[in-house]
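**Q** just to be clear, the model below is a prediction. Sequence and coordinates:
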Amino acid sequence: MACLLSFLLLVESGTNEAAATASYFPSPFNRTLFPPDFIFGAGSSAYQIEGAAHLDGKGPNNWDTFTENHPGQMQRSDYNKELLMSSAFHDVHGLRITSTVDSTLTSGVVAADFYHRYKEDIQLMKQIGLENFRFSISWSRVLPTGRINGGVNQQGVQFYNNLIDELLSNGIVPFVTIFHWDVPQALEDEYGGFLSSRVVKDYEEYADFLFKTFGDRVKNWCTINEPTTFTLIGYDLGINAPGRCSDYTGNCTAGDSATEPYIVAHNLLLAHAAGAKVYKEKYQFNTQSNQKATSRALDFSLGWFLHPITYGVGDPITLPFNEAIKDSIRIRYIHSHLLHILKAIKEGANVKAYYSWTFLDDFEWARGYTNMALHTLI
């Protein structure tokens, strides 16, 4: 999984995979070969799968604004064209998607329509034996202005309550990401979002609200998803929202690639620290199970980056999201990763979980819609 600084495990395939298979793995290759407590999961993020971008009281965020103002920056792949003409993707939110109405495919306005279809999607998770589902909460869906004093959107809160309850009732453990790149537009307009240290207090308040509202059922939290990517792609190269960079870097209307990435990275780290602090002080109860859960969360969100640099190796590993490509190649890709994970476990590596990115085909940011998920939209 990918929080704070993510890394992607790359493995060799081909002859190496065949050798590994012969040496380590009996046939058939299945769940029983892994430790009983090993977790198989998949991930997502709010903007990429939910849709319902302007419904039920949700406030706009930086990605709503960015995709509306810069539709030409979103890639239109062949898969986008297939979606455009697919009957399965036509009648969403009462919109008829035709060849002349393709703005839907350059934004997350509809996405995978998870907001309306989460129950049937959870049944798909259950069918394949998914044990853990990581999703993010849309900051502006629960707090449209980004702040408690701006009002809580109870419809948004109810959606996440329903989602968490539905996952648990189907035996799937929820893993919540607090921030996955979607900054409330109100905070962007007021002070520039993560360009200002003012965001730290607002993020802390938001995280506190989530812990208080959902913490009775959610025990696994990620503070900030891939801050390096958020920082560099959004404020150095200007490819992702908010699309800021220097003239010499890209075709941006504002920004400074020499300074802004460092400012944003600093504020992201402060926000992470603030969120972790409020959880520890207000919600961490002194029981062994809660201590272990807190330790896992901190390892997940910060430890992958800092611990190897500071202490070397030794902590349990939760493998990052893996991006795959379609059909037989995708099967070989995931199979190869799992083979080598099992090999590592047998050799003593403390690997605890594997998450595939993504469960549903999603709006993959500036890359547009992609078909690398476990379940396709068409």
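**A** Good, I have the coordinates.
**Q** so for the longest helix along the chain, mean pLDDT?
**A** The longest helix of the chain (DSSP state H) is helix 260-282. Mean per-residue pLDDT for helix 260-282: 95.
**Q** for that helix, name the packing helices and strands.
**A** Judged by 3 or more Cβ pairs under 8 Å, 6 or more residues apart in numbering; DSSP states H and E, helix 260-282 is in contact with helix 198-214, strand 221-224, helix 227-235, helix 288-298. To be clear about C-beta, it is placed using only N, CA and C from the backbone, and glycine gets the same treatment.
**Q** dump these to a markdown table, plus mean pLDDT.
**A** Formatted as a markdown table, those follow (pLDDT from 0 to 100):
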| stretch | mean pLDDT |
| --- | --- |
| helix 198-214 | 98 |
| strand 221-224 | 92 |
| helix 227-235 | 92 |
| helix 288-298 | 59 |
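**Q** most tightly packed of those?
**A** Of the helices and strands packed on helix 260-282, the one with the most neighbours on average (mean count of other Cβ atoms under 10 Å) is strand 221-224, at a mean of 25.
**Q** of the helices and strands packed on helix 260-282, which approaches Arg117 most closely?
**A** Ranking the helices and strands packed on helix 260-282 by proximity to Arg117 (Cβ to Cβ) places helix 198-214 first, at 20.8 Å.
**Q** distance to Glu188 added to the helices and strands packed on helix 260-282, as JSON lines?
**A** Output for the helices and strands packed on helix 260-282, formatted as JSON lines (distance: least, Cβ to Cβ, whole Å):
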{"stretch": "helix 198-214", "distance to Glu188": "10"}
{"stretch": "strand 221-224", "distance to Glu188": "17"}
{"stretch": "helix 227-235", "distance to Glu188": "11"}
{"stretch": "helix 288-298", "distance to Glu188": "27"}
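**Q** nearest to Val176, out of these?
**A** For the helices and strands packed on helix 260-282, proximity to Val176 was assessed by Cβ to Cβ; strand 221-224 is nearest, at 5.6 Å.
**Q** extract the C-alpha trace of that closest one and format it as PDB.
**A** The C-alpha trace of strand 221-224 is given here as PDB (Å, rounded to 0.1, in the frame of the first residue of the first chain):
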ATOM      1  CA  TRP A 221      -6.300   4.300   9.300                       C
ATOM      2  CA  CYS A 222      -3.900   5.900   6.800                       C
ATOM      3  CA  THR A 223      -3.300   9.600   7.300                       C
ATOM      4  CA  ILE A 224      -2.100  10.700   3.800                       C
END
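**Q** partner strands of it, with direction?
**A** Strand 221-224 sits in its sheet next to strand 173-179 (parallel), going by DSSP bridges.
**Q** contacts for the partner strand, please.
**A** The contact list for strand 173-179 (Cβ atoms under 8 Å, 6 or more residues apart in numbering) reads 3, 39, 41, 43, 45, 131-137, 139, 163-164, 167-168, 203, 206-207, 210, 214, 217-218, 220-225, 271, 275.
**Q** let's see that with 7 Å instead.
**A** With contact meaning Cβ atoms under 7 Å, 6 or more residues apart in numbering, strand 173-179 is reached by 41, 45, 131-137, 139, 164, 167-168, 203, 207, 210, 214, 217-218, 220-225, 275.
**Q** ok so, going back, angle of the longest helix of the chain against strand 173-179?
**A** Helix 260-282 and strand 173-179 are oriented at 130 degrees to each other (axes from the mean of the first three to the mean of the last three Cα atoms, to 10 degrees).
**Q** in helix 260-282, what counts as buried?
**A** 260-261, 263-265, 267-272, 274-276, 278-279 (16 or more other Cβ atoms under 10 Å).
**Q** do the same with stretch 336-347
**A** For stretch 336-347, the neighbour count (16+ other Cβ under 10 Å) marks 336-345 as buried.
**Q** I'd like these laid out as TSV, including pLDDT, distance to Tyr283 and secondary structure.
**A** Listed next are these as TSV, based on pLDDT from 0 to 100; distance: Cβ to Cβ, whole Å; DSSP: H, G, I helix; E, B strand; the rest coil:
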residue	pLDDT	distance to Tyr283	secondary structure
Ser336	82	39	helix
His337	81	34	helix
Leu338	83	34	helix
Leu339	86	39	helix
His340	85	37	helix
Ile341	85	32	helix
Leu342	87	35	helix
Lys343	88	38	helix
Ala344	88	33	helix
Ile345	87	32	helix
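**Q** now, which of those sits nearest Pro35?
**A** Looking at these and their distance to Pro35, the nearest is Ile345, at 6.8 Å (Cβ to Cβ).
**Q** counting neighbours, what do you get for the nearest residue in space to Ala46 that is not next to it in sequence?
**A** In this structure, Ala46 finds its nearest non-sequential neighbour in Ser138, 3.8 Å apart by Cβ to Cβ, 6 or more residues apart in numbering. Neighbour count for Ser138, taken as other Cβ atoms under 10 Å: 28.
**Q** repeat that for Val173.
**A** Val173 has 17 neighbours, counted by other Cβ under 10 Å.
**Q** need the pLDDT of it.
**A** We have a pLDDT of 95 for Val173.
**Q** is it in a bridge, and if so with what?
**A** Here Val173 sits in beta bridges with Asn132, going by DSSP bridges.
**Q** any idea where the strands of the stretch 1-150 of the chain begin and end?
**A** For the stretch 1-150 of the chain, the strands defined by DSSP state E, counting those that start in this stretch cover 39-43, 91-92, 95-96, 132-136.
**Q** looking at those, which is buried most?
**A** Most buried of the strands of the stretch 1-150 of the chain by mean neighbour count (mean count of other Cβ under 10 Å) is strand 132-136; its value is a mean of 24.
**Q** which other helices and strands does it contact?
**A** strand 39-43, strand 173-179 (3 or more Cβ pairs under 7 Å, 6 or more residues apart in numbering; DSSP states H and E).
**Q** ok, which of those comes nearest Ile239?
**A** Minimum separation from Ile239 across the helices and strands packed on strand 132-136 (Cβ to Cβ) falls at strand 173-179, 19.1 Å.
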